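dropping the sequence and predicted coords here.
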Amino acid sequence: STLTRAQKVAQAASRIFGTHIGNGLQSGRKELRKNLAGPKIMSWYHRPIGKDLDPLFVDPDVERKKLKIERLARRGKVTPKKGEGKRAKKK
């Protein structure tokens, strides 16, 4: 073959150690070799219990929001529908 001894050694080293023989350009190979961060980040947050896991589960945050909207509606303070805001009433 036409490869020099140094080139053969470099090829063997790249096969053994998983390095890349390139042309000096950035390839992103270093980033691809890093461990994935997704599973670690996902472990920081709890999985919310929803209707899909337990059909009898009632989310207290959703209930609180419904009660607040009902309370505001009785006082006439709910958010206006699109086109019925302050600016539309001025005209």
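Received, thanks. Numbers count the residues shown, from 1 in each chain.

for the helix or strand bottoming out on mean pLDDT in the chain, packing partners?
Ranking every helix and strand in the chain by mean pLDDT, DSSP states H and E puts helix 86-90 at the bottom, with a mean of 80. Where contact means 3 or more C-beta pairs under 8 Å, 6 or more residues apart in numbering; DSSP states H and E, helix 86-90 is not packed against any helix or strand. From N, CA and C alone the C-beta is placed, and that goes for glycine too.

tell me where the model's unsure across the protein.
For the chain, the stretches with pLDDT under 70 are 1, 91.

separation between the residue nearest the centre of the chain and V9?
The C-alpha lying nearest the average C-alpha coordinate of the chain belongs to G38 (C-alpha atoms, centre = their mean; 8.2 Å). Remark: distance between G38 and V9 (C-beta to C-beta, to the nearest Å) = 37 Å.

then L72?
Applying C-beta to C-beta, the value for L72 to V9 is 76 Å.
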